[in-house]
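> Coordinates for the following, if possible.
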Amino acid sequence: MLSVNARLGCARPFLKWAGGKGKLIEQFVTYFPDGFDRYYEPFLGGGAVFFYLGDRFPHIPKFVSDVNPDLINAYLCVRDDVDLLISLLNEHQLKHSKEYYYQVRANKFKNAFEQAARLIYLNKTCFNGLYRENSKGEFNVPLGKYKNPNICNVELLRCAAIALQDTDISVRHFVDVLDRAEIERDFVYFDPPYYPLNSTSNFTSYSRDFFGESEQTKLRDTFKLLAERGVKVMSSNSDCAFVRELYAEFNIHEILAARAINSRVSKRGKITELLITSY
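Numbers count the residues shown, from 1 in each chain. Have a look, this model is predicted:
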């Protein structure tokens, strides 16, 4: 049973995630469909859109997924026993140091809650909150320069737990949404790894699963099949000729975003992204 002191409507992402949409929600509002009965998000990441829409449509069925099993495990643990997770994070908070960080980074845990606490701990203390895996699926981001990182934000976690109740959370490939979303009152939002603007901006490998041109094309095909069923579909991506050509038959909108994750401060700034809708 969920033992929390939180209120419905206060939820927001509890993880910092590359490409997170928290700062773009106000620009998205105009483009969300007027109403829908079921919501699907196959690239969950930090979940900013999920939490925003969950506040406004608390009673509709929601189905969220991602190919990253550690990420999905963290969401499941927040949903199912946030108090246990909080107790484990408090232990990390007490033990945090440079040596402890690399010790935790080098190990994985068989226990689901210990593994979820590990992910959140590393996310709160690693460089820029960047999630990145090598070809072996090992987290390999160095320690960030934080004087006093807030590893266990109790209110944030408890609000997220409230929002995640009764949500279907699973490890799935994005194509699996074709087996689930099929009616006009369904709404699907895709937030895939973006197509790189150039060779130095490639964040498509945030996990061991590469997301290149063939995957982008498969995503467009999935978007199109859903749209042909009458499902309302929205997708984010980078503003480049390749993406614009892929989605030329749909509605393409420009969104002004900030590049927040870059090792060089001079490379951070405003840039246009695309929001594509089938409606």
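> Now do the strands in this protein.
Taking DSSP state E as the test, the strands found in the chain are 38-41, 62-66, 168-171, 186-190, 232-238, 251-258, 270-277.
> Reformat those into TSV and put distance to residue 97 next to each item.
C-beta: built from backbone N, CA, C; applies to glycine. Output for these, formatted as TSV (distance: least, Cβ to Cβ, whole Å):
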stretch	distance to residue 97
strand 38-41	36
strand 62-66	30
strand 168-171	32
strand 186-190	39
strand 232-238	37
strand 251-258	32
strand 270-277	36
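> Can you name the residues that contact the nearest residue to residue 236 once chain neighbours are set aside?
Spatial nearest neighbour of residue 236, excluding adjacent residues (Cβ to Cβ, 6 or more residues apart in numbering): residue 191 at 5.0 Å. Residues near residue 191 by Cβ atoms under 8 Å, 6 or more residues apart in numbering: 19, 21, 41, 43, 45, 49, 235-236.
> And residue 191, how close does it get to residue 166?
Distance, residue 191 to residue 166, by Cβ to Cβ, to the nearest Å: 22 Å.
> And stretch 213-223, what's buried?
Buried residues in stretch 213-223, counted by 16 or more other Cβ atoms under 10 Å: 215-216, 219-220, 222-223.
> correct me, but residue 251 touches residue 279?
Yes: counting by Cβ atoms under 8 Å, residue 279 is a contact partner of residue 251 at 7.5 Å.
> more crowded one of those two?
Neighbour count, other Cβ atoms under 10 Å: between residue 251 and residue 279, residue 279 has more, with 15 against 12.
> thinking in terms of the whole chain, how far from its middle is stretch 140-152?
How far stretch 140-152 lies from its chain's middle: 19 Å, per Cα atoms, centre = their mean, to the nearest Å.
> Show residues contacting it.
By Cβ under 8 Å, 6+ apart, the surrounding residues in contact with stretch 140-152 are 86, 89-90, 92-93, 96, 98, 101-102, 105, 120-122, 124-134.
> ok, now stretch 97-110?
Contacting residues not belonging to stretch 97-110 are listed as 92, 115, 118, 121-122, 125-126, 139-140, 143 [Cβ under 8 Å, 6+ apart].
> buried residues in stretch 70-90?
Under 16+ other Cβ under 10 Å, the buried positions of stretch 70-90 are 70-82, 85-86, 88-89.
> go on, stretch 143-158?
Buried residues in stretch 143-158 (16+ other Cβ under 10 Å): 143, 149, 151-152, 154, 156-158.
> Rounded mean pLDDT for that stretch, please.
What stretch 143-158 shows for mean pLDDT is 94.
> which helices and strands does the longest helix along the chain pack with?
If you go by DSSP state H, the chain has its longest helix at helix 213-229. If contacts are counted by 3 or more Cβ pairs under 8 Å, 6 or more residues apart in numbering; DSSP states H and E, helix 213-229 sits against strand 186-190, strand 232-238, helix 241-246.
> For those, give me TSV that also has mean pLDDT and distance to residue 62.
As requested, the helices and strands packed on helix 213-229 are exported to TSV (pLDDT from 0 to 100; distance: least, Cβ to Cβ, whole Å):
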stretch	mean pLDDT	distance to residue 62
strand 186-190	98	10
strand 232-238	98	15
helix 241-246	98	27
